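Asks: One predicted model, sequence on top.
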Amino acid sequence: MTTASNRLYFGDNLDILRERVADESVDLIYLDPPFNSNATYNLLFREKSGAQSATQIMAFDDIWQWGLESESAYHDVVTNGSKALADLLQAMRSFLGPNDMMAYLTMMAQRMAELQRVLKPSGSIYLHCDPTASHYLKLLMDAIFGRANFRNEIVWHYGKWSNVAGYFQRNHDIILFYVKSDRAKFNKQYSLSPDKKRKLEIGYQVNRPGGRKQLIVYDRKKASKKIKEGDYDKIVYRDNENPGMPMHDTWHDINIINSQAKERLGYPTQKPEALLERIINASSNEGDVVLDPFCGCGTAIAAAERLNRRWMGIDVTHLAITLIRHRLHDSFGEDLKPYHMLGDPKDLLSAESLALHDRYQFEWWALGLVDAKPAQDKRKGADSGIDGYINFFDDNSGKAKRIIVQVKSGNVQRGQIATLKGDMEREKAEIGLFVTLKPPTGPMRTEAAAAGFYEPSHFLGHTFPRVQILTIEELLSGAQAHYPRFAPQATFRQAPRRLRQQREQTRMIWELYT
Ligand SMILES: C[S@@+](CC[C@H](N)C(=O)[O-])C[C@H]1O[C@@H](n2cnc3c(N)ncnc32)[C@H](O)[C@@H]1O
């Protein structure tokens, strides 16, 4: 049993918030949702081959267009949301009509209602957006968090050159800061003008009327070595005082991630760590839980890790997840606290990415695809060579028959099928199932075919190959293992029927081990 409390989820944040995040369990939320899919995004989500990964384009292609999904989200909010939110959304719809903006606001309303639920009474939320939608989002925040809980509209101004005509350059983002209640924590932050910053090591210089120069010193010891007293009209010592002015709501001192930025990872919407550090320092303390439900390449997560907060990140693309994992590894190395990686790949690319990063999670996920139960916690050492089991009934003895399952993410060869046959004999299994990420070789198929068929004595005429090979790609396209399914499936307790049954079963497996 691992004690990791940090969590990185792959999946749609609405599902994950609803299914996995408890009420009042989060201290600080930062969210930076995407809006207006554009050429940059499309470039990002195109594979090297030129093909697009279905999962990866999902967030940008479908979500923000008015369609069936938005219509059903709208009904969800209007029927299940608070009266204030339902009234507001209906008013917005009559003003905007069913367009892209309305689709975006509806999806955001659903998610923000969940975010309000998971926030502790002492918690705060920062919604990062820009003037395209900030005015509508502020209304949503008022309806969900309450007008009295509005704290700031932060203007983050950055230097960016663009050749626009007919209007002023658009050089700022908006960050809407709300709290859950009056009990919210807030640690005062300080700013430094660029001038003052230059002299931060000891203090800063102030020019007084009449050309008089005053020096404010924070570090008396250092200053004594560095300054000549005669150079100043007055020296004021403010030892141990916080440098700078209390931070106001227009932030000019943090640059965007441009091509020169050291922390740049190539993710187009990457935000600077300094921005997130300010937010995290202001509205949380060490050990608190920070949630970023649209975590992208993981800026909030990296900042939370650095500032000794616990964290939870969610993103719907494996590309983002892969970047975050590398980022955390590269930034913290050995010092990185353990974290859980949770979520289910829905296409081959995501499955490959999962296998690359964590073979065990991949195996568990693959076992979930065939409804198998993991053989044991492999991390603990003992490994019989069998990854999982499927039980089935095909007579009325009450005794389950067994399929043993082997999962491979690396290269595969004939000898592995021979080993599986040996394991079947030892375990007295009726069927052996070999699940592989890479395509099987011809000799493997021949070896598997040589095992012949299983024919249940109560169902003569029904035959099932004794050794079956299934690739992840086949499974993702709906292929299934062949075995008698005459009686209720015996491997798991029957879970209540859900829309996404596969996901449910995968979750049960993970819960066994986390
Ligand atoms: C603007 S980016 C966030 C950038 C991030 N702040 C950073 O610094 O890297 C928005 C992210 O939200 C993710 N996303 C979009 N829809 C989502 C959803 N329904 N659930 C989870 N993540 C989603 C996208 O994959 C994208 O990575």
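Replies: That came in fine, so what should we check first? Please read all numbers here as calculations on a predicted model, not as lab measurements. Residues are numbered from 1 along each chain as shown.
Asks: switch to C-alpha atoms for all contacts and neighbour counts from now on
Replies: Noted.
Asks: Quick one: the strands in the stretch 51-200 of the chain, in order.
Replies: Secondary structure of the stretch 51-200 of the chain (DSSP state E, counting those that start in this stretch): strands at 119-129, 150-157, 172-179, 190-191.
Asks: Relative to the shortest one, what are the paired strands and their orientations?
Replies: Each strand paired with strand 190-191, and its direction, by DSSP bridges: strand 245-246 (antiparallel).
Asks: For the most centrally placed residue in the chain, what are phi and psi?
Replies: Compute the mean C-alpha point of the chain, and by CA atoms, centre = their mean the closest residue is I314, 1.8 Å away. Per-residue torsions, I314: phi -130, psi 130 (degrees, to the nearest 10).
Asks: going forward can the numbers begin at 369, since that is how I track them
Replies: Okay, using 369 as the starting number, the last item reads as I682.
Asks: is it true that N374 touches I682?
Replies: No - using CA atoms under 8 Å, N374 is not in contact with I682, being 11.4 Å away.
Asks: chain center to stretch 473-480: distance?
Replies: 17 Å (CA atoms, centre = their mean, to the nearest Å).
Asks: ok, now stretch 511-528?
Replies: Using CA atoms, centre = their mean, the offset of stretch 511-528 from its chain centre is 23 Å.
Asks: buried residues in it?
Replies: Using 16 or more other CA atoms under 10 Å as the test for burial, stretch 511-528 gives 511-514, 517-518, 520-526.
Asks: out of these, which one sits closest to E841?
Replies: I512 (42.3 Å; CA to CA).
Asks: Quickly note the distance from that closest one to the ligand.
Replies: 19 Å (CA to the nearest ligand atom, to the nearest Å).
Asks: For that residue, list the residues it contacts.
Replies: S450, A452, L453, M480, A481, Q484 (CA atoms under 8 Å, 6 or more residues apart in numbering).
Asks: can you tell me which of these are in helices?
Replies: A452, L453, M480, A481, Q484 (DSSP state H).
Asks: Tell me, please, the helix or strand in the chain that averages the lowest pLDDT.
Replies: Lowest by mean pLDDT, DSSP states H and E among the helices and strands of the chain is helix 869-881, with a mean of 30.
Asks: So which residues of the stretch 569-718 of the chain form helices?
Replies: In the stretch 569-718 of the chain, the segments counted as helices under DSSP state H, counting those that start in this stretch are 588-594, 641-651, 667-674, 686-700, 716-725.
Asks: With respect to burial, which of those helices scores highest?
Replies: Stretch with highest mean neighbour count among the helices of the stretch 569-718 of the chain: helix 667-674 (a mean of 24; mean count of other CA atoms under 10 Å).
Asks: which residues make contact with that one from outside it?
Replies: 398, 638-641, 644-645, 648, 658, 660, 663, 678-681, 695-696, 699, 704.
Asks: At the contact with the ligand, which residues of the stretch 569-718 of the chain appear?
Replies: 637-639, 661-667, 682-685, 688 (CA under 6 Å from any ligand atom).
Asks: Could I have the ChimeraX command that selects the buried members from those residues?
Replies: Restricted to buried positions by 16+ other CA under 10 Å, the ChimeraX selection for those reads:
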select :638,639,661,662,663,664,665,666,667,682,683,684,685,688
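Asks: can you list the residues of the stretch 369-518 of the chain near the ligand?
Replies: Going by CA under 6 Å from any ligand atom, the residues of the stretch 369-518 of the chain near the ligand are G379, D380, N381, D400, P401, P402, A427.
Asks: Rebuild these as TSV, extending it with neighbour count.
Replies: Output for these, formatted as TSV (neighbours: other CA atoms under 10 Å):
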residue	neighbour count
G379	20
D380	17
N381	21
D400	20
P401	16
P402	16
A427	17
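Asks: so V445 sits right up against L456, yeah?
Replies: No - shown here, V445 and L456 do not form a contact pair, counting by CA under 8 Å, at 10.4 Å.
Asks: Name the residue in the two with the higher neighbour count.
Replies: V445 (22 against 17; other CA atoms under 10 Å).
Asks: Taking the residues of the stretch 369-518 of the chain next to the ligand together, which two end up most distant?
Replies: Among these, G379 and D400 lie farthest apart (CA to CA), at 16.0 Å.
Asks: Once you drop chain neighbours, what's closest to N779?
Replies: Nearest-residue entry for N779: K806, 6.5 Å, with adjacent residues in sequence omitted and distances by CA to CA, 6 or more residues apart in numbering.
Asks: SS state for that neighbour?
Replies: coil (DSSP: H, G, I helix; E, B strand; the rest coil).
Asks: pLDDT score for it?
Replies: If you check K806, the pLDDT there is 96.
Asks: same deal with L722?
Replies: pLDDT, read off for L722, is 84.
Asks: Now do the contacts for it.
Replies: Neighbours of L722 in contact, by CA under 8 Å, 6+ apart: P713, Q729, F730.
Asks: Low-confidence stretches in this protein?
Replies: 369-372, 404-432, 560-569, 607-612, 686-687, 744-752, 854-882 (pLDDT under 70).
Asks: repeat that with 50
Replies: For the chain, the stretches flagged by pLDDT under 50 are 369-370, 405-430, 564, 566, 745-751, 860-882.
Asks: domain ranges for it?
Replies: Domain assignment for the chain, taken from automatic domain parsing, gives 374-521+544-552+624-711, 558-614, 724-881.
Asks: Just the terminal-to-terminal distance for the shortest one.
Replies: Counting by CA to CA, to the nearest Å, you get 4 Å between the two ends of domain 558-614.
Asks: ditto for stretch 596-604
Replies: 14 Å.
Asks: Please apply the same query to stretch 706-720.
Replies: 22 Å.
Asks: The nearest residue to P808 once chain neighbours are set aside in helix, strand or coil?
Replies: Among residues not flanking P808 along the chain, V780 sits closest, at 6.4 Å (CA to CA, 6+ apart). Put simply, V780 is coil when judged by three-state DSSP.
Asks: I am assuming V780 contacts P811, so please confirm or correct that.
Replies: No - in this structure V780 lies outside contact range of P811 using CA under 8 Å: 10.7 Å.
Asks: So the two - more neighbours on which side?
Replies: Neighbours were counted for V780 and for P811 using other CA under 10 Å; V780 has more, 16 against 13.
Asks: Identify the residues contacting the residue nearest to N779.
Replies: So K806 contacts S777, G778, N779, V780, T839, I840 (CA under 8 Å, 6+ apart).
Asks: Distance of it relative to G778?
Replies: 7 Å.
Asks: can you give me the strands in the stretch 619-768 of the chain?
Replies: 657-660, 678-683, 707-711, 741-742, 756-760.
Asks: Could you give the number of residues near the residue lying closest to F827 once chain neighbours are set aside?
Replies: In space, and not counting its chain neighbours, F827 is closest to D762: 7.9 Å by CA to CA, 6+ apart. Residues near D762, counting by other CA under 10 Å, number 19.
Asks: Can you tell me the closest non-neighbouring residue to S502?
Replies: Closest to S502 by CA to CA, 6+ apart is I542, at 6.8 Å.
Asks: close enough to count as contact, the one you found and Y494?
Replies: No - between I542 and Y494 there is no contact under CA under 8 Å: 9.8 Å.
Asks: If R375 is in a bridge, with which residues?
Replies: M680, H708.
Asks: if I pick it, what's in contact with it?
Replies: Counted by CA under 8 Å, 6+ apart, R375 has contacts W679, M680, G681, Y707, H708, M709, L710.
Asks: if we can go back for a sec, from the contacts of I512, which would you call buried?
Replies: Buried among those (16+ other CA under 10 Å): L453, M480, A481, Q484.
Asks: Nearest residue to the third one in space, please, no chain neighbours.
Replies: Counting by CA to CA, 6+ apart, the nearest residue to A481 once its immediate chain neighbours are dropped is I512, at 6.3 Å.
Asks: Fine, thanks again, bye for now.
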